[in-house]
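Participant: make a model of this:
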Amino acid sequence: MPEKLFKINNLQKKDFSLILSGGSSLGLAHIGIIKFLEEQKLQPSEIIGTSMGSVVGALYAIGNTSETISEKLKGLKARDLFEIKYFQGRIEYKKAKDILKEIFRNKKISETKIPLKIIATNIKNGEKKVFTKNDNILIYDAILASIAIPGVLTAKRIKGEIYIDGCVSSNLPIEVAKGNNIKLAINVLNRKVKNYHYHNPKKGLISNLKTKFAILKSVSRYYLENQTEAKLNTVKKLILIEPDLKGFNSHKLINYKKIIEAGYFEIKKYFDKAKKIPKRKEEKKKKRTSLKRLITFPITETKKIFKDIQKLK
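Facilitator: The predicted model follows:
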């Protein structure tokens, strides 16, 4: 886990990457992060997003503010986005596609105001795919690949390859950021979110299916948490923000204002804490400089006197 706390002026002086995790509707907390950055007049040098993080990140990358992103996404409900095809055993997201198409139209990743990277997973080999400006594809297509929940939503075919949700390979893609950048990583699927109690499957088809789905959902979340935690210590210059979203349902687009506020509160809390830390290194440097002057002063003066004597001769 990252130990060093970075301050606002660190992000003002150095390039930083904004990394937004997946997390379904919990990803709305990313909007609160963007709101804080706007207040501090901070702008990342690149944006990296997985799943819902790719949606919010792409909106920010093409020039939207936290306010306009909120306007575009607020009030959406699952039934507005997805349609259950009972007899086909799948969920169709034509409505979601239509909304994304209306927002992003024919804009390509190469046309964003802030460089954008979108994460998906190649279903053939399970490898992470990072869509960038070099892929020359529509933002809309890259997002559809990044949000394609395996076994639930239709996989996305791009240039002959088939892709599913980026969370399968990297839900918090900190490893994709530029090496020298500070990594501002927002992880909405974290240990704080857990709110699960195990119950044995009940009798009855519907009750049984609901219980099994709840178990599968929890197992998936444990996998994502472990996947993320395994790489936290492998990345340098990391700022990890984990909003407290316990009590919110990741599959229901409700209470969006409170979710946004939770993101804003968590990043503000981090930098408020960092602000209180004294500038130890600078103080030590000043002390060392003063001590050096004290030690070298007699030597310097002696040299000057000796030179003056030489001149008199």
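Participant: residue ranges in the stretch 201-313 of the chain under the pLDDT threshold?
Facilitator: In the predicted model of the stretch 201-313 of the chain, residues 201-219, 249-254, 280-313 satisfy pLDDT under 70.
Participant: ok, 80 please
Facilitator: The model of the stretch 201-313 of the chain has pLDDT under 80 over residues 201-223, 247-255, 279-313.
Participant: ditto for the stretch 51-200 of the chain
Facilitator: Scanning the stretch 51-200 of the chain residue by residue, the ranges that satisfy pLDDT under 80 are 74-97, 151-153, 192-200.
Participant: mind redoing it with 50?
Facilitator: Within the stretch 51-200 of the chain, the segments meeting pLDDT under 50 span 79, 86-87.
Participant: buried sites along whichever strand or helix holds Lys257?
Facilitator: Counting by DSSP states H and E, the element that carries Lys257 is helix 256-275. The neighbour-count criterion (16 or more other CB atoms under 10 Å) identifies 256, 259-264, 266-268, 270-271, 274 as the buried residues of helix 256-275. Every C-beta, even on glycine, is put in place using the N, C-alpha and C of the backbone.
Participant: mind listing the helices for the protein?
Facilitator: Counting by DSSP state H, residue ranges of the helices within the chain are 8-13, 29-39, 52-61, 66-73, 78-81, 94-104, 139-146, 167-170, 205-229, 256-275, 280-312.
Participant: what count of nearby residues applies to the closest residue to Leu37 other than its chain neighbours?
Facilitator: Setting aside the residues directly before and after it, Leu37 is nearest to Gln43 in space (CB to CB, 6 or more residues apart in numbering), at 7.0 Å. Summarising burial for Gln43: neighbours were counted as other CB atoms under 10 Å, giving 15.
Participant: would you confirm that Gln43 contacts Ile114?
Facilitator: Yes. Distance between Gln43 and Ile114: 6.9 Å, which falls inside the contact criterion (CB atoms under 8 Å).
Participant: which parts of the stretch 51-200 of the chain are strands?
Facilitator: Per DSSP state E, counting those that start in this stretch, the stretch 51-200 of the chain has strands spanning 83-85, 90-92, 116-122, 128-131, 156-158, 161-165, 182-186. These are given in chain order.
Participant: out of those strands, nearest to Ser146?
Facilitator: Of all those, strand 116-122 sits nearest to Ser146, with 4.8 Å by CB to CB.
Participant: chain center to the closest one: distance?
Facilitator: Here the centre of mass of C-alpha atoms in strand 116-122, compared against the chain's by CA atoms, centre = their mean, to the nearest Å, lies 13 Å away.
Participant: buried ones in that strand, by neighbour count?
Facilitator: In strand 116-122, residues buried by neighbour count (16+ other CB under 10 Å) are 116-122.
Participant: can you redo those residues as JSON lines with distance to Ile31?
Facilitator: Written out in JSON lines, the entries for the buried residues of strand 116-122 read as follows (distance: CB to CB, whole Å):
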{"residue": "Leu116", "distance to Ile31": "17"}
{"residue": "Lys117", "distance to Ile31": "19"}
{"residue": "Ile118", "distance to Ile31": "18"}
{"residue": "Ile119", "distance to Ile31": "19"}
{"residue": "Ala120", "distance to Ile31": "22"}
{"residue": "Thr121", "distance to Ile31": "25"}
{"residue": "Asn122", "distance to Ile31": "29"}
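Participant: hang on, the earlier thing: who touches the helix holding Lys257?
Facilitator: 5-8, 25-26, 28-33, 35-36, 66, 70, 73-75, 186, 188, 239, 241-245, 248 (CB atoms under 8 Å, 6 or more residues apart in numbering).
Participant: cool, stretch 65-76 as well?
Facilitator: Outside stretch 65-76, the residues that touch it by CB under 8 Å, 6+ apart are 28, 31-32, 34-35, 38, 55-56, 59-60, 64, 99, 103, 253, 256-257, 260.
Participant: now it: buried residues?
Facilitator: Neighbour-count burial for stretch 65-76 flags 66, 69-70, 73, 76 (criterion: 16+ other CB under 10 Å).
Participant: could you dump these into TSV with distance to Asn136 added?
Facilitator: Below are the buried residues of stretch 65-76 laid out as TSV (distance: CB to CB, whole Å):
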residue	distance to Asn136
Ser66	29
Ile69	25
Ser70	30
Leu73	27
Leu76	30
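Participant: widest-spaced pair of the residues you listed?
Facilitator: The largest separation in these, counting by CB to CB, is between Ser66 and Leu76 at 16.6 Å.
Participant: for Gly49, which non-adjacent residue is spatially closest?
Facilitator: Gly57 (3.2 Å).
Participant: who's in contact with the closest residue to Glu127 other than its chain neighbours?
Facilitator: Taking CB to CB, 6+ apart as the measure, Glu127 lies nearest to Ser169, with 6.5 Å between them; neighbours along the chain are not counted. Applying CB under 8 Å, 6+ apart to Ser169 gives the contacts 119-121, 126-129.
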